[in-house]
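In: A predicted structure for the sequence below; I have some questions about it.
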Amino acid sequence: MAPRANWKGFLRLSLVTCPVALYPATSESEKISFNQLNRQTGHRIKYLKVDADTGEEVPNEDIVKGYQLEKDQFIEVSKEELEEIALESTRTIEIDEFVDKTDIDPRYLIRPYYIRPDGKVGHDAFAVIRETIREMEKVAIGRVALTNREHIIALEPMDKGLVGTLLRYPYEVRSEQEYFDEIQDVKVTKDMLDLARHIVNQKAGSFEPEKFEDHYESALIELINQKRAGKPIVPKDRPKGENVVDLMDALRKSVGGAAAESKASKTPAKKAKKAAAGQKEMLMPISGKKPAKETAKKPATGARRKSA
């Protein structure tokens with residue numbers, strides 16, 4: 001079942017309008033998450049909203065938003081007053097312009113959403129807008145009010161639908177100069193570049209997300225399975241970073257290492273498990289009696305239980 005829509009409204013290109021819904025295109029619900037516990041009792045920690053001065057708990061209906069002017073001085077803003085800010089983008093994504101995808105600086109990208117027609121009407125208008133964007137090989141730029149803010153949104157066709165990526169405003173992107181100004185100007189020799197290019201060519205490939213594994217997530221699963229089985233936790237050696245003394249020597253050795261790695265990568269391997277299956281299924285019941293390392297690698301059906 002598809003998740004609930006984050007936003008419903010209209011998509012408009014000039015006088016062509018259709019009802020649409022936005023759905024999150026990504027999810028982190030499958031990742032391992034932890035609760036905070038009281039070490040003495042094992043009970044979960046509960047957070048309360050309290051008055052900073054009196055220390056008394058405040059019910060939700062008595063909590064309002066406030067903008068701080070200076071210390072201990074706030075301007076209260078009610079929910080009703082915020083709703084009075086009636087922006088067009090609250091209910092309509094108006095396409096303002098079309099740009100080349102290469103014009104969008106990656107630093108401005110926030111998160112993607114799937115966009116599809118909402119209901120049984122408007123599919124024709126939706127198809128016209130989608131195919132226009134596809135035919136022009138452009139990205140449509142509009143605005144949408146989401147999560148109590150107005151965002152820039154970039155629209156691209158994907159299969160029968162659209163992908164809308166929220167974009168940051170310029171004031172949200174920090175200048176690179178304050179971070180890069182102190183980087184030394186170094187002259188890279190042709191020999192170094194030739195070796196580096198050779199390494200790149202040996203490692204060249206196409207981006208296939210299925211090939212990548214979240215090693216930290218796998219390590220968490222292994223840790224939890226070991227603790228559930230009552231096995232001792234043995235600390236592992238931390239990776240050590242080493243300064244390169246002879247850069248040319250390091251590049252030459254890298255060429256050999258990349259060649260061996262490239263040869264090994266040509267060996268057929270099983271594709272990573274689809275994300276839809278979920279890593280939670282890899283949390284094995286103690287009765288499995290399987291080695292922790294094997295448990296972490298082979299998914300198996302089993303409900304995730306709360307730790308005792």
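Out: Right, received. Where do you want to start?

In: for Glu61, helix, strand, or coil?
Out: Under the three-state scheme (DSSP: H, G, I helix; E, B strand; the rest coil), the conformation of Glu61 reads as helix.

In: Residue ranges in this structure under the pLDDT threshold?
Out: 1-2, 86, 241-245, 258-308 (pLDDT under 70).

In: Now do the strands in the chain.
Out: Here the chain has its strands, by DSSP state E, at 7-13, 16-24, 65-70, 73-77, 92-99, 109-117, 139-146, 149-158, 161-167.

In: and of these, who's closest to Ala204?
Out: In this view, those are compared for proximity to Ala204 by C-beta to C-beta, and strand 109-117 is the closest at 24.6 Å. Bear in mind the C-beta positions are built from the backbone N, C-alpha and C, glycine included.

In: Run the chain-centre distance for the closest one.
Out: Relative to the centre of its chain, strand 109-117 is centred 12 Å away, using C-alpha atoms, centre = their mean, to the nearest Å.

In: quick check: angle from it to strand 161-167?
Out: Angle, strand 109-117 to strand 161-167, by axes from the mean of the first three to the mean of the last three C-alpha atoms, to 10 degrees: 150 degrees.

In: list the buried ones in strand 109-117?
Out: With burial defined by 16 or more other C-beta atoms under 10 Å, the residues of strand 109-117 counted as buried are 112-117.

In: Just the angle for that strand relative to strand 92-99, thanks.
Out: With the same axes, to 10 degrees as the criterion, the two stretches strand 109-117 and strand 92-99 enclose an angle of 120 degrees.

In: what pairs with strand 109-117, and is each one parallel or antiparallel?
Out: Note on strand 109-117: by DSSP bridges, its sheet partners are strand 16-24 (antiparallel), strand 161-167 (antiparallel).

In: what does it rub up against?
Out: In this structure, residues lying in contact with strand 109-117 by C-beta atoms under 8 Å, 6 or more residues apart in numbering are 6-7, 11, 18-26, 123, 126, 151, 153, 155, 158, 160-168.

In: what's the answer for stretch 145-159, then?
Out: Residues outside stretch 145-159 that contact it (C-beta under 8 Å, 6+ apart) are 6-7, 22, 82, 87, 89-90, 93, 95, 101, 104, 108, 110, 113-115, 130-131, 133-134, 139-144, 162-169.
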